[in-house]
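Asks: no FASTA, just this:
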């Protein structure tokens, strides 16, 4: 299955929330959707879920337009919003049963399906609890369970890890990995870049509604490494940290010098040969180093390099 | 699995999902239990007091008690429960907590029907609780059991209608401002309908008794009206919550056209007099004028979803044109409807002197609102392009209020300088023969149409070219 987005544009009055966005995702992919606040991530996901109508552009699932035929999306797209909306006086089981009914599942299949989903998302223990008293993490799990009811091939998740504690985040990550193994296509927007870095196969960075980068994370990192001469270097001296710090501060190609525990971290503007020359010089001056490394570019550094933090 | 379980499962599958959820939530809500206990307590106390009183005052106290209980019941069925469900739905719409429903395979009609049935079942529960107490009034020389059941059923229909009207208002409440506005409007409308209904019923029953030939006619008329209103608002609510970019107005326009013919035939068939026809003409002109304001709040272009539904054959394209969502389509439909209303109402009121002149003024009022609607559209496009097209009706209402205000102020000049021309700014003056010349509203409307010529012709061409290749 291929999810193809072409020239997607959404305007709210004079503001262009999403500007000519194009990308494609295939089954088994986990696409990380990254951008600063107000970048247009939620609007894009809502358009893909057919909750908003784009002003221009096309969204196709295996060549069929879901803009003109939203009923196609209803069958194969599951949407997890950033928070579960207020649901008073209803238990987890009743809530899932309600959505299973809306998807026209009949008994006894419906009963079986709801039980399976509850087991899969680890909700069995809280199935009789009222939704409005659940923690944020539990609510998020209920929301994911609801989105999985119609066994969608495409799952859209808007900030699913926001507000979750570390345990809930790890559980969410594991759940996403299982879903990807089941050949589901997952589009996930998140601010927690380290999370995305570990689970996403590809990423898309947008700012002010415009696509800045799209592709597999290592390709983007490699591309960025070729383009930039700035590298983050970490040195851990055995002794004389203060003295080394003073030396580095006056070096011409070094900026952003920081100490993190015993380590000194800085940005060096130059190629790998220049860095090795610097290290050799430090050894020659009598500094004893127990650790030296050039930090690998990750999604976080890519994000910081590409975006400007502008909002609209 | 036993046969009983299979049957229960089948029944469970048959139930509307929204109804199941709403009822589950209702029976857990405080409102439900408070209302229920208050009711039972109130009835018990009241009936006990009535029986005690009956020992003193022996004749026909049952009728008074019945009448009092029915009024209380109608007030709760007509106000409290519809308001509870209406406000709940309005909150859901505003907070967008209902939007996940629209990405399931459930249809908008199914969603509205579920919410409506939940309200109706709640009303039914209260009614069934009330029925035994009311039938006790029979023992106090009250109303016959059959009559009391009939009146209960009759009032129940209006409670159901009220539930649907409030749901329709709630469906349109997608912002805090519209929520507050529609809440006020719906409460106001409920008060007006209730007062009218209550006074009318009182007047009839005092004059003719509960059952008489005259009353049956009246009951039949009211039952039909309540059914039409419920059905129409059901479709309106469903169309309102339909996905953005769909052909939302299609259902409303086709049904409204049919309902207008049926109600006309019933009016003519029942009343056999010109007044009935005139009342019908005025009512439908008011509805049609409201549609003009809705019309300018529709888009000037067609979404891909709407384009897909445009017929391919040229003849069908022309025939279906007035029923499609779009500003020009709305204006064409309203214009055809107004000619139709005016002709039919005139035909039904031939015995009335100056009827033809009266209907020309009705048409003039319609044109006057048409002018304001187009003016609002012009103002939005020219000066407030940030405002969504769907909000043009709000500008329309403001412009009409300003027009009336300006007219009122200018009436001072009218006295001083004799400037009768300012009268045309008030659409209601169109009903006044002396104040609003028909030509002035026609001229104002034509000027606005001229200003919209470019966008309208572009919309027409866009419709004709839509779905050419399927």
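Replies: Here it is on my side, so go on. All of these numbers come straight from a predicted model, not from anything done at the bench.
Asks: rest of the way, CA atoms for contacts and neighbours
Replies: Will do.
Asks: if I pick residue 9, what's in contact with it?
Replies: Looking at chain A here, since you left the chain open. Taking C-alpha atoms under 8 Å, 6 or more residues apart in numbering or on different chains as the criterion, residue A:9 is in contact with A:16, A:17, A:18, A:19, A:20, A:21, A:54, A:55, A:56, A:57.
Asks: my bad, the chain I had in mind was chain B
Replies: Under the criterion of C-alpha under 8 Å, 6+ apart, the neighbours of residue B:9 are A:107, A:108.
Asks: try it again at 6 Å.
Replies: Shown here is residue B:9, whose contacts under the criterion C-alpha atoms under 6 Å, 6 or more residues apart in numbering or on different chains are residue A:107.
Asks: returning to what we had before: buried ones among the contacts of residue A:9?
Replies: Neighbour-count burial (16 or more other C-alpha atoms under 10 Å in any protein chain shown) applied to these gives A:16, A:17, A:18, A:19, A:20, A:21, A:54, A:56, A:57.
Asks: just give the nearest non-adjacent residue to residue B:374, would you?
Replies: Computed as C-alpha to C-alpha, 6 or more residues apart in numbering or on different chains, the closest residue to residue B:374 that is not its neighbour in sequence is residue B:448, at 6.0 Å.
Asks: actually residue A:147, sorry about that
Replies: Take residue A:147 and drop its neighbours on the chain: the residue closest to it by C-alpha to C-alpha, 6+ apart is residue A:78, 4.5 Å away.
Asks: please identify the helix or strand for that neighbour.
Replies: Following DSSP states H and E, one finds residue A:78 within strand A:77-80.
Asks: by contact count, what packs against that strand?
Replies: Helices and strands in packing contact with strand A:77-80 are listed as helix A:136-148, strand A:154-158; criterion 3 or more C-alpha pairs under 6 Å, 6 or more residues apart in numbering or on different chains; DSSP states H and E.
Asks: what do you get if the cut-off is 10 Å, keeping everything else the same?
Replies: Under the contact criterion of 3 or more C-alpha pairs under 10 Å, 6 or more residues apart in numbering or on different chains; DSSP states H and E, strand A:77-80 touches helix A:41-48, helix A:136-148, strand A:154-158, strand A:185-189.
Asks: next, the angle from the second one to strand A:154-158.
Replies: When you say that, I think you mean helix A:136-148. Between helix A:136-148 and strand A:154-158, the angle formed by their directions is 150 degrees, by axes from the mean of the first three to the mean of the last three C-alpha atoms, to 10 degrees.
Asks: how far does helix A:136-148 sit from the chain's center?
Replies: 17 Å (C-alpha atoms, centre = their mean, to the nearest Å).
Asks: on that earlier part again, may I see the helices and strands packed on strand A:77-80 organised as JSON lines, with distance to residue A:200 and mean neighbour count added?
Replies: As requested, the helices and strands packed on strand A:77-80 are arranged in JSON lines below (distance: least, C-alpha to C-alpha, whole Å; neighbours: other C-alpha atoms under 10 Å in any protein chain shown):
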{"stretch": "helix A:41-48", "distance to residue A:200": "16", "mean neighbour count": "22"}
{"stretch": "helix A:136-148", "distance to residue A:200": "18", "mean neighbour count": "23"}
{"stretch": "strand A:154-158", "distance to residue A:200": "13", "mean neighbour count": "25"}
{"stretch": "strand A:185-189", "distance to residue A:200": "9", "mean neighbour count": "25"}
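Asks: residue B:268: which of those is closest?
Replies: Within those, the stretch nearest residue B:268 is helix A:41-48; the backing value is 50.4 Å (C-alpha to C-alpha).
Asks: just the angle for the closest one relative to strand A:154-158, thanks.
Replies: Orientation check (the same axes, to 10 degrees): helix A:41-48 against strand A:154-158 gives 150 degrees.
Asks: now the element after the one helix or strand residue B:66 maps to, going C-ward?
Replies: Assigned by DSSP H and E, residue B:66 belongs to helix B:61-75. Reading on from helix B:61-75 to the C-terminus, the next helix or strand found by DSSP H and E is helix B:81-95.
Asks: for residue A:175, what are its contacts?
Replies: A:120, A:121, A:141, A:144, A:169, A:181 (C-alpha atoms under 10 Å, 6 or more residues apart in numbering or on different chains).
Asks: got the buried residues for the strand or helix carrying it?
Replies: In the assignment (DSSP H and E), residue A:175 maps to helix A:166-181. Of the residues in helix A:166-181, A:168, A:169, A:172, A:173, A:175, A:176, A:177, A:179, A:180 count as buried by neighbour count, 16+ other C-alpha under 10 Å.
Asks: now stretch A:247-266
Replies: Buried positions in stretch A:247-266, judged by neighbour count with 16+ other C-alpha under 10 Å: A:248, A:254, A:255, A:257, A:263, A:264, A:265, A:266.
Asks: equivalent analysis for stretch B:217-234, please.
Replies: Under the neighbour-count criterion of 16+ other C-alpha under 10 Å, stretch B:217-234 has B:218, B:222, B:223, B:226, B:228, B:229, B:230, B:231, B:232, B:233, B:234 buried.
Asks: ok, of those residues, which one's closest to chain A?
Replies: The shortest separation between chain A and any of the buried residues of stretch B:217-234 is 19.4 Å, and it belongs to residue B:234 (by C-alpha to the nearest C-alpha).
Asks: where does the stretch 101-250 of chain A come near chain B, residue by residue?
Replies: In this structure, the stretch 101-250 of chain A approaches chain B at residues A:101, A:102, A:103, A:104, A:105, A:106, A:107, A:108, A:110, A:146, A:147, A:150, judged by C-alpha under 10 Å from any C-alpha of the partner chain.
Asks: which SS state does the fourth one fall under?
Replies: Local secondary structure at residue A:104 is given as coil here, using DSSP: H, G, I helix; E, B strand; the rest coil.
Asks: now residue A:292. Nearest residue, chain neighbours left out?
Replies: Excluding its sequence neighbours, the residue lying closest to residue A:292 (C-alpha to C-alpha, 6+ apart) is residue A:235, at 4.6 Å.
Asks: wait, is that neighbour part of a strand?
Replies: Yes: counting by three-state DSSP, residue A:235 is located in a strand.
Asks: could you tell me how many residues sit around it?
Replies: Per other C-alpha atoms under 10 Å in any protein chain shown, the neighbour tally for residue A:235 reads 20.
Asks: from what I can see it touches residue A:267, true?
Replies: No: taking C-alpha atoms under 10 Å as the contact criterion, residue A:235 and residue A:267 are not neighbours in contact, 11.4 Å apart.
Asks: which residues do these two both contact?
Replies: Common neighbours of residue A:235 and residue A:267, using C-alpha under 10 Å, 6+ apart, are residue A:294.
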